[in-house]
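**Student:** just the structure for this:
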Amino acid sequence: MAYALLRLGYNWGSALVAAGVIVGLTSTMLVLYYGLTRILFAMARDGLLPSFFSALDAKTRTPANAIVLCGVTMALVAGLAPLGALAELVNAGTLTEFMLVCIGVIVLRLTRPEMKRPFRAPGGLIMPVLGVLSCGALLSFLPLVTLLRFALYLSVGVAVYFGYAARRSRAARQAPDEIAA
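**Tutor:** Next up is the predicted model:
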C-alpha cells in the first residue's frame, strides 16, 4: 500500500502507511517474543524442555536464559533468512495449528459429548470441519519448498518431543482428570 501511494504521488500517505506498518510489526513481534519466552518457561517448568529455560534471574525474577536465547536466535534468523520465506513458514505453522485445533474440537465433541463446555459455538461440527477444509486449502496454495521446510521443522519438533519431552513431562505423568482440574 505504501508503495502504491508513493507511485501515485501521495508521499505523505506513503510515509504514514509505512510508519504504521513499522509500528504494527514491531508491537506484534514484541508481544510474540514475550509470549514465546513465557511458553518456553512453562514448558521447561513442566519438564518438556531442559530446566535451563525455567531458571529465573535472581534480581528480575524473569526467565533470563529463555529471553536471551530467544533474542539471539530471532536476531540471527531475521538477519540471515529471507523475510518472504519466514512469512510463508509462519503461515504454514499457523494454518496447521488452526487445523489441529479444529480436529481437536471434532474429536472432543465425538468422544466426550458430556464434557462441560463454558461456551457454545454455532454450527455444531460444521464449523470445525469447514475450518479444517479451508486451512487445508490455504496450505495447498503455499509453495512446495515452504511445505518441505515446514515438514522438516515439524519433524524436528516431534523428534524432540518423543526423544526428550514425553518421558519428562509432569503433566503426562498425571491422570487426565487431574490435568483438567
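**Student:** mind listing what L86 touches?
**Tutor:** 77-78 (Cβ atoms under 8 Å, 6 or more residues apart in numbering). Placement of C-beta: from N, CA and C, glycine included.
**Student:** in which helix or strand does it reside?
**Tutor:** Per DSSP states H and E: L86 is located in helix 83-111.
**Student:** in that helix, which residues are buried?
**Tutor:** Within helix 83-111, the residues that qualify as buried are 88-89, 91-92, 95, 98-99, 102, 105-106, counting by 16 or more other Cβ atoms under 10 Å.
**Student:** also stretch 33-44?
**Tutor:** 37, 40-41, 43-44.
**Student:** same list, the residues you listed, but as JSON lines with secondary structure and distance to T111 please.
**Tutor:** JSON lines is the format used below for the buried residues of stretch 33-44 (DSSP: H, G, I helix; E, B strand; the rest coil; distance: Cβ to Cβ, whole Å):
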{"residue": "T37", "secondary structure": "helix", "distance to T111": "34"}
{"residue": "L40", "secondary structure": "helix", "distance to T111": "31"}
{"residue": "F41", "secondary structure": "helix", "distance to T111": "32"}
{"residue": "M43", "secondary structure": "helix", "distance to T111": "26"}
{"residue": "A44", "secondary structure": "helix", "distance to T111": "31"}
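**Student:** tell me if I'm right that F98 and L138 touch.
**Tutor:** No. With contacts defined as Cβ atoms under 8 Å, F98 does not count as touching L138, sitting 9.2 Å away.
**Student:** N91 reaches L147, doesn't it?
**Tutor:** No. Using Cβ under 8 Å, N91 is not in contact with L147; the gap is 10.7 Å.
**Student:** centre-most residue in this structure?
**Tutor:** The geometric centre of the chain, computed from its C-alpha atoms, lies nearest to T94 (Cα atoms, centre = their mean), at 6.2 Å.
**Student:** quick one, grab the pLDDT at it.
**Tutor:** The model reports T94 with a pLDDT of 89.
**Student:** where are the low-confidence patches of the chain?
**Tutor:** Applying pLDDT under 70 to the chain flags residues 172, 175-181.
**Student:** ok, which stretches of this structure are strands?
**Tutor:** For the chain, applying DSSP state E gives no strands.
**Student:** what about the helices in the chain?
**Tutor:** Taking DSSP state H as the test, the helices found in the chain are 2-7, 11-46, 64-80, 83-111, 126-140, 144-160, 166-168, 170-173, 176-180.
**Student:** and those helices: which comes nearest D57?
**Tutor:** Closest approach to D57 among these is made by helix 64-80 (4.0 Å; Cβ to Cβ).
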